[in-house]
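J.: kindly generate the corresponding structure for this input.
(one chain, ligands or ions: 1)
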Amino acid sequence: MEQKEAWEPKIIGFLCKWCSYAAADLAGTSRKKYPSNIGIIKLPCSGRVDPLFIIRALRLGFDGVLISGCYPGECHYQTGNYRARRRFAITKKLLEYMGVDPRRLQASWVSASEGEKFAHVVTQMTAQLKEIGPNRLFADDK
Ligand code: FES
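T.: Purely as a prediction, here's the structure:
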């Protein structure tokens, strides 16, 4: 009898190259264990994340979206992460309005030296998405 493969959530991470992307790299090089459920897109700043990127990722079938950037006050472009934070809050509300569990969108400040924190964030998000289940809202659009 054929065994069904266990479902695994797919996460897309939009990471600032100055901090969180470097943290992801550090997590890898220092062999921190975290789920391989995340695919990473490197951006110049978390402020570059457009809400449309998030909606598009969910439409493409990703189960969760992570935005990660420099700590407040440490953005290389001064206010990019403040902009990201405002957009994040608004996009979460929009997702809720659309019937998407807002936990599918998460954000975390992770500095370049925090490989362990990055691994922890991905591990926690993966576990939470497993509880929520697959993203089916846009399944009929395909
Ligand atoms: Fe990292 Fe702006 S440069 S969040």
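J.: could you tell me which residues of the protein lie near the ligand?
T.: Selection of the chain residues close to the ligand by Cβ under 6 Å from any ligand atom yields 16, 18-19, 45-47, 69-70, 75-77, 80-81. Backbone N, C-alpha and C define where each C-beta goes, glycine included.
J.: pLDDT and secondary structure for these - can I get that in TSV?
T.: Shown next, in TSV, are the residues of the chain next to the ligand (pLDDT from 0 to 100; DSSP: H, G, I helix; E, B strand; the rest coil):
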residue	pLDDT	secondary structure
16	98	strand
18	97	coil
19	97	coil
45	98	coil
46	97	helix
47	97	helix
69	97	strand
70	97	coil
75	97	coil
76	96	coil
77	96	coil
80	96	helix
81	96	helix
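J.: what's the burial count for residue 133?
T.: By other Cβ atoms under 10 Å, the residues close to residue 133 number 11.
J.: same check, this time on residue 57
T.: For residue 57, using other Cβ under 10 Å, the count is 23.
J.: gap between residue 105 and residue 22?
T.: Separation of residue 105 from residue 22 (Cβ to Cβ, to the nearest Å) stands at 23 Å.
J.: which residues in this structure form strands?
T.: 11-16, 38-43, 64-69, 105-109 (DSSP state E).
J.: which stretches of this protein have low pLDDT?
T.: 1-4, 140-142 (pLDDT under 70).
J.: who's in contact with the spatially closest residue to residue 75 that is not a sequence neighbour?
T.: Excluding the flanking residues, the one nearest residue 75 by Cβ to Cβ, 6 or more residues apart in numbering is residue 81, at 4.3 Å. Contact analysis of residue 81 by Cβ atoms under 8 Å, 6 or more residues apart in numbering lists 16, 45-47, 69-72, 74-75, 109.
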